[in-house]
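[1] sequence and predicted structure, then a few things I'm wondering about:
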Amino acid sequence: MSFHDVFDRIRKRMRDLMEEFEAEIEELTQTYSGVIQPLYTVTEYPDRYEVVLDLPYGDLNALSVKISDSTLKIECDLVEEIKFEKWSIHRNVSFKRYKGELKIPFDADIFGAVITRDPKKHFVKVVFPKKK
Amino acid sequence: MLGRPRRTLLFNELQIHEYYDAYATPTPKYMILCFPDVGLVSSIACRHIVMEKKLGLVGEIDSPTLLPPVSVIHESSPISPVQLYMPEDRSFLMVLSEIPLLPSSVYPFVDAISNYADELGVEYLLAVTGLAVPNRLELERPQVFVASSRKEVYASVKKENIEALREGFMVGFYALLLKEGRKKGFSTVVFLVESFLDIPDPEAAAFGIVALSRFAGIRVDTTKLLEEAELIKIGTRDLMMQTRKAMMDMQKQMERQMPLMYM
């Protein structure tokens, strides 16, 4: 292994650690301001990607989904504020909104994206066909 | 607040602290095991059983090497994140973990818990967990499967519309529990409910509770669980994120592969 390879590895590891650290700080900052990042699951099929976002208590009438080149941004208000008063560090925090973004796979066709909502179960599904 | 334990048992690097008389009668017939896993099905189901059956905290499992330096504070009492619960009638004992295990801790936990169950004279080791399926959102009624170290269990649950898990990989705590159970001659039964992989799934947990309660004859009403499903999903969000990381470390994605010897 050359000297450059070693430095490249160290640089990559440091970059990964910084990204992880920044994500955790972002998550904490959002939580304290009453914003929750939604949980999601991504499934890859031979012809498409399916992203399912879980928005419990979400008001899907107040849903905003923006898709750009490489990210899917989602924002949604909660139907009512949620408080966990017995949970000491969050006793003064009311959760009011979902806000999150996730990276879209490079071969996903963002112009063919189809968004569906399940207002009863508070799920949003975004299907991206794969680029041909 | 809990005081000092009545007895502490050592199983290699694990300590089981008892706050109850382990040898009083009746001996619990079942030990229900709950470690965070797919869709938090196990955690949500067992938390609900603790609340609904008003189980008492009777012990805790700790380790200076296999668990992170964590105390959970409940009712202002600092305890281990891995706790033992039991109902008043002593019909079963539950081991419930509030944190996901590190991959290197799984085997020592399975070994210690199965040896402890043997020491107490427990007949069955039971668990409910999730089986990740990509079409979970479309399923109105998730299917329940069963995996067991005993062949006769498959026939006994067939009438409940519970299918045997016939082929596939299992990864994590319950995978080792089944394998070790078979090798050591324990009766282990794991109910697997179709669920989301990394989104908390209270609905799947309710189906798991129904399967478990029918098998073990433990009556548990799931109405409240389904009513509070949305709140539970928000409350367990952070645990789901931690569990997702732990599952990735454990190569959980291997469960989607077809075994080489499948035919």
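    Thanks, I have it.
[2] contacts, neighbours, all on C-alpha from now
    OK.
[3] domain-wise, how is chain A divided?
    Split into domains by automatic domain parsing, chain A comes to A:1-32, A:36-129.
[4] return the most buried member of these.
    domain A:36-129 (a mean of 16; mean count of other Cα atoms under 10 Å in any protein chain shown).
[5] mind listing what the lengthiest strand in chain A pairs with, with the direction of each?
    The residue-count maximum for a strand in chain A (DSSP state E) belongs to strand A:71-83. Under the criterion DSSP bridges, strand A:71-83 sits next to strand A:58-67 (antiparallel), strand A:94-103 (antiparallel) in its sheet.
[6] I'd like the distance from the first one to the chain centre, please.
    Think strand A:58-67. 13 Å (Cα atoms, centre = their mean, to the nearest Å).
[7] poorly predicted segments of chain A, please.
    A:1, A:21-32, A:85-92 (pLDDT under 70).
[8] residue of it with the smallest distance to chain B?
    residue A:56 (5.0 Å; Cα to the nearest Cα).
[9] now do the helix or strand hosting residue B:126: everything it contacts.
    Counting by DSSP states H and E, the element that carries residue B:126 is strand B:124-132. Residues from elsewhere that reach strand B:124-132, judged by Cα atoms under 8 Å, 6 or more residues apart in numbering or on different chains: B:29-34, B:37-42, B:45, B:114, B:117, B:174, B:186-197, B:204-205, B:208-209, B:212.
[10] spell out which parts of the stretch 151-263 of chain B neighbour chain A.
    B:196-199, B:230-231, B:233-234, B:237 (Cα under 8 Å from any Cα of the partner chain).
[11] restricted to buried residues, select those residues in ChimeraX.
    Filtering these down to the buried ones (16 or more other Cα atoms under 10 Å in any protein chain shown) takes a single ChimeraX command:
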select /B:196,197,198,199,230,233,234,237
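[12] helices - which of the residues of the stretch 151-263 of chain B next to chain A land there?
    The members of these that map onto helices under DSSP state H are B:230-231, B:233-234, B:237.
[13] pLDDT at the residue nearest to the residue of chain A closest to chain B when sequence neighbours are not counted, what is it?
    Nearest residue to residue A:56 in three dimensions, chain neighbours excluded: residue B:230, at 5.0 Å (Cα to Cα, 6 or more residues apart in numbering or on different chains). pLDDT for residue B:230: 92.
[14] so how far is residue B:236 from residue B:230?
    Residue B:230 sits 10 Å away from residue B:236, going by Cα to Cα, to the nearest Å.
[15] got a list of what the residue most central in space within chain B touches?
    Centroid check for chain B by Cα atoms, centre = their mean gives residue B:34 as the closest residue, at 2.2 Å. If you count contacts by Cα under 8 Å, 6+ apart, residue B:34 has them with B:42-43, B:46, B:94-97, B:127-128.
[16] repeat that for 7 Å
    B:42-43, B:46, B:95-97, B:127 (Cα atoms under 7 Å, 6 or more residues apart in numbering or on different chains).
[17] how are the helices of the chain distributed by residue range?
    In the absence of a named chain, this looks at chain A. Using DSSP H, the helices of chain A run over residues A:3-32.
[18] think we crossed wires, I meant chain B
    All helices of chain B, identified by DSSP H, fall at B:41-52, B:103-120, B:151-158, B:173-184, B:202-216, B:223-227, B:229-235, B:237-249.
[19] what parts of chain A come near chain B?
    A:39-41, A:43, A:56-57 (Cα under 7 Å from any Cα of the partner chain).
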